[in-house]
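In: the following block contains a protein sequence and its predicted model.
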Amino acid sequence: MQNETYYIVRADRAGVFFGKIKEKTATSVVMTDVRKIYYWEGANAVEQISQDGVGSDSKLTVTVSEMEIEGWIQIIPCTERATSNLKNHKEWKR
């Protein structure tokens, strides 16, 4: 996996994440520059998010410098279009 490529990672019971992959094992993945996609609209599934990004009413968390996610079940590289959309999406916080 390329260090500068952004990915969508879907994890069992943990949700959907967007970021770079630093390390990957059979059961976990360490991501950097990572955000959780808490809620999305404008895409039917994570596959479309990886290609197009999300709509303006979607909810993405703040960016975390590094985190480990256990139980990944799907890893999809993002297009430049999706990466730009997701990196520049407003932070959802209270």
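Out: Perfect, thanks for sending it. A quick note: this is a predicted structure, and the numbers were derived from the prediction, not measured.

In: which residues does the residue positioned nearest the centre of the chain contact?
Out: With distances taken as Cα atoms, centre = their mean, Phe18 lies nearest the centre of the chain, 1.4 Å away. Phe18 makes contact with Tyr6, Tyr7, Ile8, Val9, Val34, Arg35, Lys36, Ile37, Ile49, Leu60, Cys78, Leu86, according to Cβ atoms under 8 Å, 6 or more residues apart in numbering. Quick note: C-beta positions are derived from backbone N, CA and C, even for glycine.

In: try it again at 7 Å.
Out: Tyr6, Ile8, Val34, Arg35, Ile37, Leu86 (Cβ atoms under 7 Å, 6 or more residues apart in numbering).

In: so the fourth one is in contact with Leu60, correct?
Out: Yes: here Arg35 reaches Leu60: they are 4.9 Å apart, a contact under Cβ atoms under 7 Å.

In: quick check, Tyr38 in contact with Trp92.
Out: Yes: using Cβ under 7 Å, Tyr38 is in contact with Trp92, at 6.3 Å.

In: the strand or helix carrying Ala82 packs against which elements?
Out: When secondary structure is defined by DSSP states H and E, Ala82 falls within helix 80-87. Other helices and strands packing on helix 80-87, by 3 or more Cβ pairs under 7 Å, 6 or more residues apart in numbering; DSSP states H and E, are helix 46-52.
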